[in-house]
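Next come a sequence and a model predicted from it.
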Amino acid sequence: MNKTILITDDDLDIREYLVEMLTLEGFTVIEAENGLEALQVIEKEHIDLVITDIFMKGMNGLELEFKLRREYPQIKIIGMTGGSKTPRVSNEVYKMSIKRFKSFLKKPFTREEMLEEINILLSDS
């Protein structure tokens, strides 16, 4: 069965890269610019996996993860971040994210790293 992945990132270049990569791998891919937009998509579409950035305006990735865990526990989640402009904040959020997300990648990640995380999470479903 074809799996549907929702990419949530305010960086258009990252979204385009992931959409192209995952589409070539045979996934159905949908994009959202932030957590609020992601929730709107999830209300209308069947989503198997969400890949979300942590630092976004509006609803950030940690807030999205919290809401998904409560309201959509069947959806698998991968968190990712390149960090913030403040190293202390970045390190604290990174440590918190590793604890909260079952799967977490630090940008830049390789195609192989992302596909490995996706395959691990989707093989559990």
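Now that the structure is in, tell me what you want to look at. These numbers come from a predicted model, not from an experiment.

where's residue 67, which helix or strand?
For residue 67, the host element (DSSP states H and E) is helix 61-71.

Now do that helix: which elements does it pack against?
Here helix 61-71 is seen to pack against helix 35-44, strand 49-53, strand 76-81, helix 87-100 when contacts are counted using 3 or more CB pairs under 8 Å, 6 or more residues apart in numbering; DSSP states H and E. Backbone N, C-alpha and C define where each C-beta goes, glycine included.

Quick one: work out the angle between that helix and strand 49-53.
On the basis of axes from the mean of the first three to the mean of the last three CA atoms, to 10 degrees, helix 61-71 is oriented at 150 degrees to strand 49-53.

Send me helix 61-71 as CSV with only the CA atoms.
Only the C-alpha atoms of helix 61-71 are listed here, as CSV (Å, rounded to 0.1, in the frame of the first residue of the first chain):
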residue,chain,number,x,y,z
GLY,A,61,7.2,21.3,15.5
LEU,A,62,7.2,20.6,19.3
GLU,A,63,3.6,22.0,19.5
LEU,A,64,2.6,19.9,16.5
GLU,A,65,4.2,16.8,17.9
PHE,A,66,2.3,17.3,21.2
LYS,A,67,-1.1,17.7,19.4
LEU,A,68,-0.5,14.7,17.1
ARG,A,69,0.4,12.4,20.0
ARG,A,70,-2.9,13.4,21.8
GLU,A,71,-5.3,13.5,18.8
